[in-house]
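**Q** Take this sequence and fold it.
(chains A and B, ligands or ions: 3)
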Amino acid sequence: MDITRPTDLAGVLDALDHDPSATLLAGGTDLMVEVTYGWRRPESVVALRRVAELATWEGAFIGAGVTWARIEHGPVRGLAQAARTVGSPQIRNAGTIGGNLGTASPAGDGLPFLAAVDASVVLASKGGRRTLRWDQFITGPKQNALQPGELIVGVQLPEHLPHRQEFAKVGARNAMVISIASACLVRDPGGATRIALGSVGPIPIRARRAEEMISAERHPSAAAIEEFGRLVAGEVSPITDHRSTESYRRHAAGVLARRLLERCL
Amino acid sequence: MTRLIVNGAEYTAEPSGAESLLTTLRDRLGLPGSKNACEQGECGSCSVVLDGDLVCSCLVMTADADGSEITTVEGLAPAGGLHPVQEALLAEHAVQCGYCTPGFVVAAAHLFDTNPSPSPDDLKEALSGNICRCTGYGAILRALTALAGEAP
Ligand SMILES: Cc1cc2nc3c(=O)[nH]c(=O)nc-3n(C[C@H](O)[C@H](O)[C@H](O)COP(=O)(O)OP(=O)(O)OC[C@H]3O[C@@H](n4cnc5c(N)ncnc54)[C@H](O)[C@@H]3O)c2cc1C
Ligand code: FES
Ligand code: FES
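**A** Numbers count the residues shown, from 1 in each chain, chains lettered A, B, ... in the order given. Ligands and ions are numbered 1, 2, ... in the order given. This next block holds a predicted model:
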């Protein structure tokens, strides 16, 4: 196996230009599990841990190499709450937001926040940079728009984030658990509300009809909150798998939606 | 060839492909203290400190650790003695089969390094990535709570 360990972005771009099919390694918390299971046997690796540019976090730009441990204590509330639920301290010390996007799992806990605020993913290759909105980047379960020779440089958030941001997930236990359903809800003082849900569809799901309905309610009544949960549960498209059932996930989506809305009021 | 600084000593290893640091430590460097109980980041029995951060060595690619400083459970106790965390676990009989113990020791020692008087919640949080198959959490937490209480 070949490995290069560049210390700057230019070095990564050169390495990828030389070998576009090289496997990118960040924290390894997804990749090494696949290696251990024998699902992946990388012949050539570009390791990103030492690349200073990827570890930068400047205002609304979060570098791909920023770990969950940093995000957990960072200033973006909704994303910090999501980070807090990722794995365990050991996993959060190694795992990165770029790796979460690289894997693009339906259960990726960083993704609902990015979907709720309509964040973009910044990609780079030797040929240049491009920026894709989250739903252009995540193309399916564990699928994304990354091309050979390209890497994720980071995530661009909108300059003005909604005042209220809440994330929660449902799992079989409190720590170290993969989401059965997750949701992030953001709301402005004027009422404008957006909600994205994870683990209840192939990619994060924005419940647009529910958003429209509740955004018109400046001071939602108990009945309106109830209706919001019902609409969200109707808009998700979960499946039954080894972790949960379609109907439980739909139920959980509605409950999460109501609770997060109440926390944002 | 990968160069590793483990418990202050320099080693070189020739990992096979994407081999994990856990495998390298146990099978190549003669340091079997870090345990392999899941090899997928779930149990924490392979915990080490890598360049100052607590991580699962089963998820670290050895070739990516070139030049890194690593502390394993073997590096904690002073010669001929025990680390205070080990003393505390011993006093409380907080070991059953012992398979999880090295991971708990490394995680707890790292916590006390960074926060000498952790609260009960800090302790639970810091140990949330370590699983004890014998479910001996009560004794482990009692031992470490007592140690936290002794902090000056
Ligand atoms: C025990 C355990 C518990 C976990 N719990 C959770 C959880 O609760 N929630 C959750 O969301 N996830 C969880 N995960 C999954 C994982 O920790 C996250 O997805 C993490 O964000 C992956 O980041 P990484 O840096 O470790 O990625 P890596 O494993 O290094 O990489 C993952 C993938 O992304 C690619 N990649 C990495 N960086 C880039 C980049 N800059 N550009 C392009 N591609 C890139 C890699 O090639 C690889 O395909 C868990 C994993 C484990 C082992
Ligand atoms: S062996 Fe590494 S976490 Fe279980
Ligand atoms: S003592 Fe047996 S696993 Fe913890």
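**Q** Without its sequence neighbours, what residue ends up closest to the residue nearest the centre of chain A?
**A** For chain A, A:L111 is the residue whose C-alpha lies nearest the centre (Cα atoms, centre = their mean; 1.9 Å). Of all residues not flanking A:L111 in the chain, A:P204 sits nearest, at 4.8 Å (Cβ to Cβ, 6 or more residues apart in numbering or on different chains). For every residue, glycine as well, the C-beta is placed using N, CA and C.
**Q** what's the spacing between that neighbour and chain B?
**A** 23 Å (Cβ to the nearest Cβ, to the nearest Å).
**Q** That residue: neighbour count?
**A** 26 (other Cβ atoms under 10 Å in any protein chain shown).
**Q** Repeat that for B:G129.
**A** 25.
**Q** So what does the nearest residue to it once chain neighbours are set aside look like in phi/psi?
**A** Leaving aside its sequence neighbours, B:G129 sits nearest to A:S88 (Cβ to Cβ, 6+ apart; 2.6 Å). When read as degrees, to the nearest 10, the backbone of A:S88 gives phi -140, psi 170.
**Q** quick one on the thing from earlier: give the contact list for the residue nearest to the centre of chain A.
**A** Residues near A:L111 by Cβ atoms under 8 Å, 6 or more residues apart in numbering or on different chains: A:100-101, A:104, A:134, A:138, A:196, A:198, A:203-204.
**Q** so which of these comes closest to chain B?
**A** A:N100 (14.3 Å; Cβ to the nearest Cβ).
**Q** what packs against the strand or helix carrying the closest one?
**A** Element membership for A:N100, per DSSP states H and E: helix A:97-103. Judged by 3 or more Cβ pairs under 8 Å, 6 or more residues apart in numbering or on different chains; DSSP states H and E, helix A:97-103 is in contact with helix A:111-116, strand A:151-156.
**Q** What pLDDT does the model give A:I178?
**A** A:I178 carries a pLDDT score of 89 in this model.
**Q** wait, it sits on A:P106?
**A** No: A:I178 is beyond contact range of A:P106, at 10.1 Å (criterion: Cβ atoms under 8 Å).
**Q** Quick check: which element contains the spatially most central residue of chain B?
**A** Nearest residue to the geometric centre of chain B (Cα atoms, centre = their mean): B:V106, 2.8 Å. Using DSSP H and E, the element containing B:V106 is helix B:101-114.
**Q** Show me what counts as buried in that helix.
**A** Neighbour counts over helix B:101-114 (16 or more other Cβ atoms under 10 Å in any protein chain shown) mark B:101-112 as buried.
**Q** and if you look at stretch B:124-141?
**A** Quick answer for stretch B:124-141 (16+ other Cβ under 10 Å): B:125-132, B:136-137, B:139-141.
**Q** Would you reformat the residues you listed as CSV and include pLDDT and secondary structure?
**A** Output for the buried residues of stretch B:124-141, formatted as CSV (pLDDT from 0 to 100; DSSP: H, G, I helix; E, B strand; the rest coil):
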residue, pLDDT, secondary structure
B:E125, 94, helix
B:A126, 96, helix
B:L127, 97, coil
B:S128, 96, coil
B:G129, 97, coil
B:N130, 97, coil
B:I131, 96, coil
B:C132, 96, coil
B:G136, 92, coil
B:Y137, 95, helix
B:A139, 96, helix
B:I140, 97, helix
B:L141, 97, helix
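**Q** closest to A:A60 among those?
**A** B:E125 (28.9 Å; Cβ to Cβ).
**Q** and chain B, which residues reach ligand 1?
**A** B:40-42 (Cβ under 6 Å from any ligand atom).
**Q** Of those, which is the most crowded?
**A** B:G41 (25 neighbours).
**Q** Closest one to ligand 2 out of the contacts of A:L111, please.
**A** Comparing the contacts of A:L111 against ligand 2 with Cβ to the nearest ligand atom places A:N100 closest, at 18.9 Å.
**Q** From chain B, how far off is the residue nearest to the centre of chain A?
**A** 19 Å.
**Q** Model confidence score at that residue, please.
**A** Predicted confidence (pLDDT) for A:L111: 98.
**Q** Pretty sure the residue nearest to B:G129 sits against B:S47.
**A** No: taking Cβ under 8 Å as the definition, A:S88 is not a contact partner of B:S47, at 9.7 Å.
**Q** between these two, which one's more packed in?
**A** B:S47 (32 against 26).
**Q** what's the domain layout of chain B?
**A** According to automatic domain parsing, chain B comprises the domains B:2-75, B:84-150.
**Q** pLDDT averaged over the longest helix along chain A - what is it?
**A** Counting residues, the longest helix found in chain A (DSSP state H) is helix A:246-264. For helix A:246-264, the mean pLDDT works out to 97.
**Q** by contact count, what packs against that helix?
**A** strand A:164-170, strand A:181-187, strand A:193-198, helix A:222-235.
**Q** swap the cut-off to 6 Å and go again
**A** strand A:164-170, strand A:181-187, helix A:222-235 (3 or more Cβ pairs under 6 Å, 6 or more residues apart in numbering or on different chains; DSSP states H and E).
**Q** would TSV of these with mean neighbour count and mean pLDDT be doable?
**A** Shown next, in TSV, are the helices and strands packed on helix A:246-264 (neighbours: other Cβ atoms under 10 Å in any protein chain shown; pLDDT from 0 to 100):
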stretch	mean neighbour count	mean pLDDT
strand A:164-170	22	97
strand A:181-187	29	98
helix A:222-235	18	97
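**Q** Now tabulate these in CSV and tack on distance to A:V153.
**A** What follows is the helices and strands packed on helix A:246-264, written out as CSV (distance: least, Cβ to Cβ, whole Å):
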stretch, distance to A:V153
strand A:164-170, 24
strand A:181-187, 23
helix A:222-235, 32
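**Q** Out of the ones you listed, which gets nearest to ligand 3?
**A** Closest among the helices and strands packed on helix A:246-264, using Cβ to the nearest ligand atom: strand A:164-170, at 27.1 Å.
**Q** now check that closest one, is it near ligand 1?
**A** No: on the criterion Cβ under 6 Å from any ligand atom, strand A:164-170 is out of touch with ligand 1, staying 7.8 Å away.
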